[in-house]
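> Below are the sequence and a predicted model for it; my questions follow.
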Amino acid sequence: MPGSSAAPAALDAEWSAYSARSRCADWAGGDGVSAIRLSSDQLAWFFSDTYLGPAGPRTGFSRISGFVNNSVVIQTTAGHASSLVTMTGGGACTGPGRPGRAAAVVAPPAAPGEPSDRYWDEDGIKIGQTVVKFYNRYLAGTVPFVPAGTVIAAFPVSQLSAAGRGSAYGAVARPALVSLPSWTPPGGASPVIWGAALLRAGNTVYVYGTQSSPGLNQGSPAPPRQLYLARVPVSRLTTFSAWRFYAGAGQWAAGQPDARPVQPSGPGVSSGFSVVAIGGRYWLIQAGAEPGSQDIVAYPASEPWGPFDPAAGLLLYRNPAIGLDAAHDYRIMYEARAEPALSTAGELVISYNVNSEAVTSGCEPMSAFTNTVTQPRFVSVPLAAFGSGAGPPHAASAAPGYPRIVPRNPAQWFNAWSYPGGCPPVPGLAAVHARPGPGKVKLTWPDAGLGVRYLVYLQGPTDIPAATAYGDGTTFTGLRPGTYLTRVVPVNTRLEDGPSAQTTFVVP
């Protein structure tokens, strides 16, 4: 695959196959995908949230050996064969039967007993024998994720290349990190975070940043972000004092506080996007900013600093398998990025991420049932389509062959974004039945919902304060004779409870 463009169907199939055969140290699924070419036969693939194997299309990630907020996968090609080696920050298993506790490649200092912030990857570029990659820090918590700052990671190409030719188990990436000064615009909800997209023009790199709007509501998708821009000589990309910031009206300032939004009244930008130069214009490419959008679009501008014109936007691809409804398994598409390392002189390859906001009655995510939704996807667009005025281009993409999950239990799947905190109310338990015998009892109840678990309490001669049961029943043994009261409480994965049921019985 390196050295030429691969068809979207082949790229999709490659990552699906890697996930399905994943072992304990292997990438099994992830988002935030972007690729950087190391050499004619090697690619470095960068990911944000990453599941480690094993995984499968019918088992999901319920048996995962790990989860990290970012990783790197090195692909090495020899002839028609291609190998993939996953790199973490260390701690992954070193072989079959040797469980590990993998760390992210880029991670904040650990705080014992506290929820951890996370770094997610943004854009990157190869400069000489170094890969320079941006990572944005987000505070611990659920959607909307609150950005907190930016670091630049510098990876020696030799380190990445050697890992790709080494052992498949336990490969470690240790980049050098540079933290950027934080600045929040007046009235902003959070600081500007940098590196969402990089555009190289000769010896200059344009660095695009984003800033979240006020009014972030817990449990809801984030609104579109404001777009900011800096420029810097390519040789000084990691030297923040060399950056100059777009200050409006074609002017540039030396200080970050003088930065102004590139497009204060435009459509806003999503969490991942690209800016590319094609046909004498600059195009901002992104997945539709509206939650559940099926579209990948491109907005043109005459300069790298815009304005990017939404009225002249070009629809690049419409994904028929995306939508926040049961018919589409509540799938979302996000972070569409141009992939120069995969493109050719006539075709632009775009990667995008797919996930599902579906949760069960018990607040189990779809990833517990299948690995097919948290994998990178690809589409290719002819360069001739940009600016042709001929209407939507004929984009090439793999058929979205996602196994359907929701139809198995259609009344027990919900859109997580419809509920504060992301979980639907826990269903009540209709009844509980007891079949006592000498020294034991078998308790049964009707299934309260997909993914619901149950806390079972026994009061009597033998007290059992709380036992967790799965499925529609459980058995207790070693009970002394006498009268018992049992109460069964349905709970979801966060131990939020629903109405309980109880009954009494006598153990002879």
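The structure has been received and is ready for your questions. Residues are numbered from 1 along each chain as shown.

> going forward, measure contacts between C-alpha atoms and count neighbours the same way
Will do.

> Show the contacting residues for the nearest residue to Ser212 once chain neighbours are set aside.
In this structure, Ser212 finds its nearest non-sequential neighbour in Arg225, 4.9 Å apart by CA to CA, 6 or more residues apart in numbering. Counting by CA atoms under 8 Å, 6 or more residues apart in numbering, Arg225 touches 210-213, 268-271.

> Please repeat the previous calculation with a cut-off of 6 Å.
Contact partners of Arg225, counting by CA atoms under 6 Å, 6 or more residues apart in numbering, are 210-212, 268-269.

> Just the ones of these in strands?
210-211 (DSSP state E).

> Turn the contacts of Arg225 into TSV, columns for distance to Leu84.
Compiled in TSV, the contacts of Arg225 are given as follows (distance: CA to CA, whole Å):
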residue	distance to Leu84
Thr210	32
Gln211	35
Ser212	36
Gly268	36
Val269	32
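
> Which one of the contacts of Arg225 is nearest to Pro320?
The shortest approach to Pro320 among these belongs to Val269, at 22.0 Å (CA to CA).

> Tell me which stretches of this structure form helices.
Along the chain, the segments classed as helices by DSSP state H run 8-20, 157-164.

> ok so, going back, among the contacts of Arg225, show me the least confident.
Lowest-confidence member of the contacts of Arg225: Gly268, scoring 76 (pLDDT).

> count of neighbours near that one?
By other CA atoms under 10 Å, the residues close to Gly268 number 20.

> cool, Pro186 as well?
Neighbourhood size, Pro186 [other CA under 10 Å]: 9.

> so who does it touch?
Pro186 makes no contacts at all, as judged by CA under 6 Å, 6+ apart.

> what phi and what psi does the backbone show at it?
Backbone torsions of Pro186, given as degrees, to the nearest 10, read phi -50, psi 130.

> any idea how far it is from Leu229?
17 Å (CA to CA, to the nearest Å).

> Among the contacts of Arg225, name the buried ones.
210-212, 268-269 (16 or more other CA atoms under 10 Å).

> Return the closest of these with respect to Pro233.
Closest to Pro233, out of all of those and judged by CA to CA, is Thr210, at 20.6 Å.

> hang on, that closest one packs against Gln226?
Yes. Between Thr210 and Gln226 there is a contact under CA atoms under 6 Å: 5.4 Å.

> can you list the domain ranges for this structure.
The chain breaks down into these domains under automatic domain parsing: 8-416, 433-507.

> Tell me which of those is the most buried.
Among the domains of the chain, domain 8-416 has the highest mean neighbour count (mean count of other CA atoms under 10 Å), at a mean of 20.

> From the chain's centroid, how far away is that domain?
Domain 8-416 sits 8 Å away from the centroid of its parent chain (CA atoms, centre = their mean, to the nearest Å).

> can you give me the strands in the stretch 51-200 of the chain?
With strands called from DSSP state E, counting those that start in this stretch, the stretch 51-200 of the chain shows them at 66-68, 71-78, 81-88, 118-127, 130-138, 147-156, 171-172, 176-179, 193-201.

> which one of these lies closest to Leu315?
With CA to CA as the criterion, Leu315 lies closest to strand 193-201 of the strands of the stretch 51-200 of the chain, at 19.7 Å.
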